[in-house]
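In: just coords:
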């Protein structure tokens, strides 16, 4: 009898040990799953990782072709020339421009690759206007461009010099007759976020009261999407900058750091007084580089060292595997006078990494870092 009890106790002991081992393995696998960018939707809070161990999600596969020691990067731009994008036959088009950012002897420089530039035409318009492409984003294995007049998201085929409509988004919460005015886009884990100006738009009578530009689209790989109201986020930024209801901020340059799990906002315009067109074009360019946590809280800012009151942030992007470095586009726009620049800064102290270089008289609003072979 004693031997039987001993055997039973031994078996129970082994079973207990097996249960503990299985539970441990399951816990380790679950933790690995939740922290792996291949499965993450980018929503959970994860501590920043060492660049040597960091991997971009498959949604940003193009970035993975670079390393933390890369010294040359290819960039492509998309132009939004507003209503000045018609040829002699009144066909609407956009320009796609290529260039190289290179680090030589510790100095960053920009060089255009004019031989790769293309022009892309489209027949899609809204009230006679269209192909006013304000953003370009590589998402998984495709390159998308976004028309801020029609609300159409299109897949760009560089080799064929064509793009193909993939979805149409309505303004605001999606229940508007107008197309969504896409002004910025960024990849967060395995989703793409698209946003607009983030301000209380002014009606023709000068009164504020249109809230469409506070909404943000969260897009899935299959291009289905949900809509989020970011009023609280934009209000938080206004409070940080001391902007009351008498003033305004407008946003076209927003990017998420998948490495650091932080958001960056570089407002295009910042004003503590009511909107006046002549003043807005000449004196209201934003000078702030704003950093926020993953939940878009605990915001702080540094001042752009290349600030010019006429040059406005239109786009920002973080460098692959070195996300303290930000490349940006700025534009001066006043009537028919337009000029764009490309520059680079460090997001921590706001120090200059590359002096701003003129891109000419096209209004470039979107930029993507693409593989050298693209």
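Out: Looks like it arrived, so ask away. Since we're looking at a predicted model, the values are computed, not measured. Numbers count the residues shown, from 1 in each chain.

In: so where's the stretch 201-350 of the chain uncertain?
Out: Along the stretch 201-350 of the chain, segments meeting pLDDT under 70 span 201-211.

In: What are the boundaries of the strands in it?
Out: Using DSSP state E, counting those that start in this stretch, the strands assigned to the stretch 201-350 of the chain run over residues 201-202, 208-210, 215-219, 225-229, 248-250, 254-257, 262-265, 269-271, 288-292, 300-303, 312-319, 322-334, 337-346.

In: likewise the stretch 1-150 of the chain?
Out: Under DSSP E, counting those that start in this stretch, the stretch 1-150 of the chain gives strands at 72-79, 92-104, 107-112, 118-122, 133-139, 142-147.

In: For residue 97, which of the strands of the stretch 201-350 of the chain is the nearest?
Out: Closest of those to residue 97 is strand 337-346, at 9.7 Å (criterion: CB to CB). C-beta coordinates here come from the backbone N, C-alpha and C atoms, glycine included.

In: Direction included, what does the closest one pair up with?
Out: Using DSSP bridges, strand 337-346 pairs in its sheet with strand 322-334 (antiparallel), strand 352-360 (antiparallel).

In: Could I get those in JSON lines, plus columns for mean neighbour count and distance to residue 100?
Out: Below are these laid out as JSON lines (neighbours: other CB atoms under 10 Å; distance: least, CB to CB, whole Å):
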{"stretch": "strand 322-334", "mean neighbour count": "20", "distance to residue 100": "12"}
{"stretch": "strand 352-360", "mean neighbour count": "16", "distance to residue 100": "12"}
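
In: Nearest approach to residue 372 belongs to which of these?
Out: Comparison of the strands paired with strand 337-346 against residue 372 by CB to CB identifies strand 322-334 as nearest, at 15.7 Å.

In: wait, residue 72 sits on residue 101?
Out: Yes: when contacts are counted by CB atoms under 8 Å, residue 72 is listed as touching residue 101 (7.2 Å).

In: quick one: average pLDDT of stretch 60-75?
Out: Computed over stretch 60-75, the mean pLDDT rounds to 94.

In: what's it in contact with?
Out: Applying CB atoms under 8 Å, 6 or more residues apart in numbering, the contact partners of stretch 60-75 are 51-52, 55-56, 98-104, 113, 138, 140-141, 187, 258, 319-322, 327, 342, 367-374.

In: Got a PyMOL select line for the buried ones in these?
Out: PyMOL command restricting those to the buried ones, with burial defined by 16 or more other CB atoms under 10 Å:
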select buried, resi 56+98+99+101+138+140+187+258+319+320+321+322+327+342+367+368+369+370
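
In: about what we covered before: single out the most deeply packed of the strands of the stretch 1-150 of the chain.
Out: Highest mean neighbour count among the strands of the stretch 1-150 of the chain (mean count of other CB atoms under 10 Å): strand 133-139, with a mean of 25.

In: Just checking: what are the partner strands of that strand?
Out: strand 142-147 (antiparallel).

In: got the contact list for the strand it pairs with?
Out: 78, 94, 124, 130-138, 152-156, 158, 163, 166, 179, 182, 185, 192, 194, 366, 368, 370.

In: before we move on, the earlier item: present the strands of the stretch 201-350 of the chain as CSV; the columns should include distance to residue 280.
Out: Shown next, in CSV, are the strands of the stretch 201-350 of the chain (distance: least, CB to CB, whole Å):
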stretch, distance to residue 280
strand 201-202, 11
strand 208-210, 15
strand 215-219, 23
strand 225-229, 26
strand 248-250, 9
strand 254-257, 20
strand 262-265, 19
strand 269-271, 6
strand 288-292, 17
strand 300-303, 20
strand 312-319, 10
strand 322-334, 9
strand 337-346, 14
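
In: what's the closest of the ones you listed to residue 282?
Out: So among the strands of the stretch 201-350 of the chain, strand 322-334 is nearest, using CB to CB, at 6.6 Å.

In: Could you tell me how far that closest one lies from the centre of the chain?
Out: Distance, stretch centre to chain centre, for strand 322-334: 12 Å (CA atoms, centre = their mean, to the nearest Å).

In: Now do the same for the residue nearest to residue 119 when sequence neighbours are not counted: its pLDDT.
Out: Leaving aside its sequence neighbours, residue 119 sits nearest to residue 93 (CB to CB, 6 or more residues apart in numbering; 5.3 Å). Residue 93 is assigned a pLDDT of 85 by the prediction.
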